[in-house]
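Student: Just need the structure, nothing else, for what follows:
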Amino acid sequence: MATGDGWTSRLLTGLAEHLADADIGTWDPTGTSYADDDTAIAIRAIPDQPDRLVTITAYPVGTNLPGLADHRTGVQIRLRAGPDPRDCDDLADAVFDALDGASGLVWGDIPVVSVSRTSYTSLGQDGSRRWERSENFFVDAMRPTANNTD
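Tutor: Below you'll find the model as predicted:
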């Protein structure tokens, strides 16, 4: 299997593309082509620049029902923006509007049944006085395997 071919990689790439399509930020799969005034969308990385950043990371949240391909994945979306806290809140609102309550999506080749926000919190300011915030979503998607096919 090549890098990026796994189910989680494909899910997060599809999510990054979905956020970019919603005009929330710029998605660059290499993570290297961001202008200083971009809102970068990255997977797991937290680069120093640009100031505005959306980082997405998956985490496990339980088990599937035996035999079923329905799978729940937690996704943390870490947001960073400038020195005015409203900028970070506005970025979080855009992410919420694009994701919470969404259903019937396809991210890449993965059918997404539903998305819901489960929590959020302020992370305060970083060393460069940029505000940060964390949003957590549950993504219910189809993940068929040899053991879970329906």
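Student: When you work out contacts or count neighbours from here on, use the C-alpha atoms and nothing else.
Tutor: Fine.
Student: Strands of this structure, start to end?
Tutor: In the chain, the strands defined using DSSP state E lie at 26-27, 39-43, 52-60, 70-80, 103-107, 110-125, 131-142.
Student: how about those strands in CSV, adding distance to W7 and mean neighbour count?
Tutor: What follows is the strands of the chain, written out as CSV (distance: least, Cα to Cα, whole Å; neighbours: other Cα atoms under 10 Å):
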stretch, distance to W7, mean neighbour count
strand 26-27, 19, 22
strand 39-43, 14, 26
strand 52-60, 11, 20
strand 70-80, 11, 22
strand 103-107, 11, 15
strand 110-125, 8, 16
strand 131-142, 10, 21
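Student: Make JSON lines out of these and add distance to S33 and mean pLDDT.
Tutor: Formatted as JSON lines, the strands of the chain follow (distance: least, Cα to Cα, whole Å; pLDDT from 0 to 100):
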{"stretch": "strand 26-27", "distance to S33": "9", "mean pLDDT": "97"}
{"stretch": "strand 39-43", "distance to S33": "9", "mean pLDDT": "97"}
{"stretch": "strand 52-60", "distance to S33": "13", "mean pLDDT": "96"}
{"stretch": "strand 70-80", "distance to S33": "18", "mean pLDDT": "94"}
{"stretch": "strand 103-107", "distance to S33": "22", "mean pLDDT": "95"}
{"stretch": "strand 110-125", "distance to S33": "25", "mean pLDDT": "96"}
{"stretch": "strand 131-142", "distance to S33": "22", "mean pLDDT": "95"}
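Student: of all those strands, which lies closest to H18?
Tutor: Nearest to H18 among those is strand 103-107 (7.1 Å), distances taken as Cα to Cα.
Student: How much space separates T118 from D100?
Tutor: 9 Å (Cα to Cα, to the nearest Å).
Student: what sits in contact with each of these two?
Tutor: Shared contacts of T118 and D100, defined by Cα atoms under 8 Å, 6 or more residues apart in numbering, comprise F137.
Student: can you tell which of the strands of the chain is closest to M1?
Tutor: Nearest of these to M1, taken as Cα to Cα: strand 110-125 at 17.3 Å.
Student: Run through the bridge partners of the most centrally placed residue in the chain.
Tutor: The chain has I56 as the residue nearest its centroid, 3.7 Å off, counting by Cα atoms, centre = their mean. Beta-bridge pairing for I56 (DSSP bridges): I43, I77.
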